[in-house]
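Trainee: got a structure for you, letters missing:
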Ligand code: MG
């Protein structure tokens, strides 16, 4: 036989055999209506097809101190009206206000805290270590920012001042060591920018979700979405008693640390 006729014959035989095999498989395994078939979407060629216009983010403006217009100003150098003494809530915060728009810890008068309570926040705080450099380790320029009254982001003059790593500036005290030491010399002002999400508790008071915190120190990431294990204790393990919104607190550790330009945004 001429090969001109053999090849088409072989080919048709092959197709028949394939069809038979497919039909057989179809009968045995594939249901009558195949809902798993993948429908290939037509490729998008119009750039506008992937644009989303709503909602439109609100416009934020900034004042001369760089404070966003949707922030709550907690201290701008004028007064301590947003603050009270932690020891005695009917007494206004007793720390000293300076002529340069800062305030300074009045050692021995105790911590101060906001009158308002907060949950999830973005917080901006500027601080400066005492201008007379004295003391060592935890005794040099120690203060602290307590989130929800119980979780301390350490404030410490960690410029050329070794101490335990989970107790230096920007440590989540005794829980999380900063990624780097971005502390400036004590003559300079420095900034903390903190993003904090509060913990969650069930109806029985059991913690179901840890608080998380991100800290930028002078613009440098030092705590990267870290889980807070519980209260930042000086002695012993963290505790996890249920709580709701709570004040921000600044620590009087006996050292004249100064603060300025403090604002917060609720998240
Ligand atoms: Mg401290």
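Mentor: Yes, it's here. Source: prediction; values computed, not measured.
Trainee: in the protein, which residue sits nearest the ion?
Mentor: Scanning the chain for the residue nearest the ion gives residue 144, at 3.2 Å (criterion: Cβ to the ion). Bear in mind the C-beta positions are built from the backbone N, C-alpha and C, glycine included.
Trainee: may I have the phi/psi pair for that residue?
Mentor: phi 180, psi 150 (degrees, to the nearest 10).
Trainee: now swap in residue 127 and tell me
Mentor: Torsion angles, degrees, to the nearest 10, at residue 127: phi -150, psi 160.
Trainee: residues from the stretch 1-150 of the chain in reach of the ion?
Mentor: 142, 144 (Cβ under 5 Å from the ion).
Trainee: where does the stretch 1-150 of the chain dip in pLDDT?
Mentor: Residue ranges of the stretch 1-150 of the chain with pLDDT under 70: 1-36.
Trainee: now the strands for it?
Mentor: Counting by DSSP state E, counting those that start in this stretch, the stretch 1-150 of the chain has strands at residues 72-75, 83-85, 96-97, 103-104, 112-114, 121-128, 143-147.
Trainee: how far does the longest one sit from the chain's center?
Mentor: In this case it means strand 121-128. 13 Å (Cα atoms, centre = their mean, to the nearest Å).
Trainee: that one pairs with which strands, parallel or anti?
Mentor: Strand 121-128 pairs in its sheet with strand 190-197 (antiparallel), strand 258-266 (antiparallel), by DSSP bridges.
Trainee: and these as TSV, adding mean pLDDT and distance to the ion?
Mentor: Compiled in TSV, the strands paired with strand 121-128 are given as follows (pLDDT from 0 to 100; distance: least, Cβ to the ion, whole Å):
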stretch	mean pLDDT	distance to the ion
strand 190-197	98	13
strand 258-266	98	13
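Trainee: okay, the ones you listed in a markdown table with mean neighbour count next?
Mentor: Output for these, formatted as a markdown table (neighbours: other Cβ atoms under 10 Å):
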| stretch | mean neighbour count |
| --- | --- |
| strand 190-197 | 20 |
| strand 258-266 | 20 |
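Trainee: residue 240: which of these is closest?
Mentor: Among the strands paired with strand 121-128, strand 190-197 comes nearest to residue 240, with 15.4 Å by Cβ to Cβ.
Trainee: residues in contact with that closest one?
Mentor: 120-128, 145, 147-148, 151, 153, 155, 170, 183-184, 211-219, 267 (Cβ atoms under 8 Å, 6 or more residues apart in numbering).
Trainee: ok, stretch 79-91 next?
Mentor: 72-75, 92-95, 97, 103, 109-116, 249-250.
Trainee: now it, how far from the centre of its chain.
Mentor: On Cα atoms, centre = their mean, the centre of stretch 79-91 falls 27 Å from that of its chain.
Trainee: so how far is the first residue of it from its last?
Mentor: 14 Å (Cα to Cα, to the nearest Å).
Trainee: please apply the same query to stretch 146-154.
Mentor: Termini of stretch 146-154 sit 8 Å apart (Cα to Cα).
Trainee: isn't there a strand covering residue 153?
Mentor: Yes: the assignment for residue 153 is a strand, going by DSSP: H, G, I helix; E, B strand; the rest coil.
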